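Peer 1: sequence below, structure please.
(one chain, ligands or ions: 2)
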Amino acid sequence: MCKPNLRDNNYEVNMKYRINQKNGDELSILGFGCMRLPTKAGIIDEKRAIKMIRDSIERGVSYFDTAYIYHAGQSESLLGKALQDGYRQCVKIATKLPPYMVKKLDNAKKIMLTQLEKLNTDYIDYYLLHMLTDKTMFDKMTELGVMEWLEEQKSKGAIKNIGFSFHGSKLDFELILKAYPWDFCQIQYNYLDENNQAGVSGLKLAHSLGIPVIVMEPLRGGKLVNNLPKEVIRTFKSVHPDWTPAEWGLRWIWNHEEVNVVLSGMSLEEQVNENIKIASDASFNSLSEDELKVFDEVKSIMNEKTKVPCTACGYCMPCPHGVNIPGCFSSYNDKFLLDDKLYWWKYAQTLGAFSAEPAFASKCVECGKCELHCPQNIEIRKELKAVAKTMEGIFFKPIVGAARKIMRI
Ligand code: SF4
Ligand code: SF4
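Peer 2: Ligands and ions are numbered 1, 2, ... in the order given. Down below sits the predicted model:
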């Protein structure tokens with residue numbers, strides 16, 4: 001265990017680690033996501049955030065995930081400060097290049113230089129193309145020479161591993177995964193998203209290709225803790241009254257041997273404590289049959305509350321007009337299931353609002369081709385109209401349009 005040199009808290013360290021199959025890195029199964037750090041008056045509460053980060057390192061957390069855009073650019077600087085005084089050598093830093101801000105190679109070069117400065121480090125352990133939603137975004141990075149330049153940085157030691165984070169359809173995940181010899185990838189995965197976005201099939205595919213998988217949104221930004229229907233909480237409690245919804249959610253992910261690290265965006269000291277405690281106890285294939293059955297029950301309760309019975313099988317795809325049909329239905333269902341006030345933002349993000357070709361429901365021209373292939377017999381055209389009406393309200397297009405202009409997309 002790496003010991004930072006300033007403090008000696010003598011924490012008992014029970015963290016579990018999984019070996020990165022590509023490079024032998026020993027990574028804590030719990031990673032610290034630095035996108036929801038504690039704030040005060042709109043800016044990061046520096047003292048608290050630094051203490052949380054350092055405490056977690058001393059208790060065995062060895063993977064820290066940030067991005068150029070988190071906390072409006074403050075997250076990387078804060079992490080850089082927290083990792084002074086001997087903490088840097090104890091951890092792996094992951095940060096991300098936002099492809100939508102890269103119009104020419106020079107943009108990428110400038111961004112990475114700034115990141116190294118903010119992080120106060122000579123190298124980035126895990127560097128990701130941030131939020132790829134379709135293969136076109138990746139192709140653009142290749143055309144601009146970004147991938148070649150990243151490889152140069154890797155050979156010089158400024159980057160240790162090249163990866164990407166993903167929000168999009170299964171098909172696009174597979175295309176991107178196979179288009180480049182990635183060192184790792186990062187996907188959204190939790191018991192509600194078992195078949196959404198990259199899903200379990202994407203997780204298994206990456207693992208079969210020897211590509212380590214970092215999981216983000218294990219609790220859907222807290223929605224699987226704070227916004228669950230009462231019946232779901234009752235079902236969880238009926239088997240383990242002492243397990244919280246967070247514990248159920250995290251244990252479900254760590255039960256998968258294909259997962260290397262689970263990122264949790266922690267804002268409170270209690271979350272750090274709880275997550276570290278769960279991580280010290282969880283391991284793959286550790287859930288019993290009875291415990292796994294609880295998830296079947298929970299999913300069936302959630303399915304009853306689901307508006308469109310889409311299983312995200314993808315048989316209706318690709319839509320010739322670029323609609324991400326399962327992605328539209330998934331965001332739409334979540335709005336009602338999880339009472340998410342920021343549903344429109346999640347919808348925009350999942351449907352590639354900041355890519356060259358967003359895959360919104362409103363792009364449907366009602367040709368009907370997709371309906372011929374849907375095993376659930378969903379009236380896709382009718383449902384997409386409802387999705388567009390609900391999710392793309394009057395302010396949606398002006399806001400997304402303005403954001404795209406600012407980002408020069
Ligand atoms: S009906 Fe709409 S969603 Fe379906 S294939 Fe045609 S344009 Fe695409
Ligand atoms: S074919 Fe039907 S169930 Fe499958 S993803 Fe498309 S809409 Fe959903």
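
Peer 1: quick check, I29 in contact with A282.
Peer 2: Yes - in this structure, I29 is within contact of A282 by C-beta atoms under 8 Å, at 7.1 Å. C-beta coordinates here come from the backbone N, C-alpha and C atoms, glycine included.

Peer 1: which residues are in contact with D334?
Peer 2: L192, R220, K223, D340, Y343, K346 (C-beta atoms under 8 Å, 6 or more residues apart in numbering).

Peer 1: and it, backbone torsions?
Peer 2: phi -60, psi -40 (degrees, to the nearest 10).

Peer 1: got a pLDDT number for it?
Peer 2: Looking at D334, its pLDDT is 88.

Peer 1: what's the answer for V225, then?
Peer 2: 89.

Peer 1: neighbours around it, how many?
Peer 2: The number of residues packed near V225 is 16, by other C-beta atoms under 10 Å.

Peer 1: where does it land in three-state SS?
Peer 2: helix (DSSP: H, G, I helix; E, B strand; the rest coil).

Peer 1: how near is it to L337?
Peer 2: 14 Å (C-beta to C-beta, to the nearest Å).

Peer 1: one more: R36?
Peer 2: For R36 relative to L337 (C-beta to C-beta), the value is 21 Å.

Peer 1: of these two, which one has the most company?
Peer 2: L337 (21 against 17).

Peer 1: ok, now which ones touch the more buried one?
Peer 2: P229, M302, K305, T306.

Peer 1: surely the first one is in contact with I301?
Peer 2: Yes - contact between P229 and I301 holds when scored by C-beta under 8 Å: they sit 6.4 Å apart.

Peer 1: and the contacts of L337, which are buried?
Peer 2: P229, M302, T306 (16 or more other C-beta atoms under 10 Å).

Peer 1: would a markdown table of those residues with distance to V294, secondary structure and pLDDT be doable?
Peer 2: Shown next, in a markdown table, are the buried ones among the contacts of L337 (distance: C-beta to C-beta, whole Å; DSSP: H, G, I helix; E, B strand; the rest coil; pLDDT from 0 to 100):
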| residue | distance to V294 | secondary structure | pLDDT |
| --- | --- | --- | --- |
| P229 | 14 | coil | 88 |
| M302 | 12 | helix | 87 |
| T306 | 18 | coil | 85 |
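
Peer 1: residues in contact with Q271?
Peer 2: With C-beta under 8 Å, 6+ apart, Q271 has these contacts: A246, S264.

Peer 1: ok, now V61?
Peer 2: Listed by C-beta under 8 Å, 6+ apart, the contact partners of V61 are M15, S28, L30, G31, F32, V91, I276.

Peer 1: now Q349: how far from ligand 2?
Peer 2: 19 Å (C-beta to the nearest ligand atom, to the nearest Å).

Peer 1: does the residue nearest the centre of the chain have beta-bridge partners, and which?
Peer 2: Centroid-nearest residue in the chain: M216, 3.1 Å away (criterion: C-alpha atoms, centre = their mean). Taking DSSP bridges as the rule, M216 bridges to Q188.

Peer 1: quick check: it touching Q188?
Peer 2: Yes - M216 lies in contact with Q188 (C-beta under 8 Å); the separation is 5.6 Å.

Peer 1: that older thread, so which of the contacts of L337 are also by ligand 2?
Peer 2: For ligand 2, no contacts are drawn from these by C-beta under 6 Å from any ligand atom.

Peer 1: quick check, nearest of the contacts of V61 to M317?
Peer 2: G31 (31.0 Å; C-beta to C-beta).

Peer 1: what does that closest one show for phi and psi?
Peer 2: Torsion angles, degrees, to the nearest 10, at G31: phi -110, psi 150.

Peer 1: and for the one 3 residues further on?
Peer 2: Note on C34: its backbone torsions stand at phi -100, psi 40 [degrees, to the nearest 10].

Peer 1: and the one 4 residues further on, by the same measure?
Peer 2: Backbone torsions of P38, given as degrees, to the nearest 10, read phi -60, psi 140.

Peer 1: the one 5 residues further on too?
Peer 2: For I43, the backbone dihedrals (degrees, to the nearest 10) come out as phi -120, psi 160.

Peer 1: before we move on, the earlier item: include neighbour count, secondary structure and distance to G163 when you put the contacts of D334 into a markdown table, please.
Peer 2: Formatted as a markdown table, those follow (neighbours: other C-beta atoms under 10 Å; DSSP: H, G, I helix; E, B strand; the rest coil; distance: C-beta to C-beta, whole Å):
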| residue | neighbour count | secondary structure | distance to G163 |
| --- | --- | --- | --- |
| L192 | 25 | helix | 24 |
| R220 | 20 | helix | 22 |
| K223 | 21 | helix | 25 |
| D340 | 18 | coil | 27 |
| Y343 | 17 | helix | 28 |
| K346 | 21 | helix | 23 |
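
Peer 1: more neighbours: I29 and A282, which one.
Peer 2: The residue with more neighbours, out of I29 and A282, is I29; 26 against 20, by other C-beta under 10 Å.

Peer 1: ok, now which ones touch the more buried one?
Peer 2: Taking C-beta under 8 Å, 6+ apart as the test, what I29 contacts is M15, K16, Y17, R18, W254, V259, N260, V261, V262, A279, A282.
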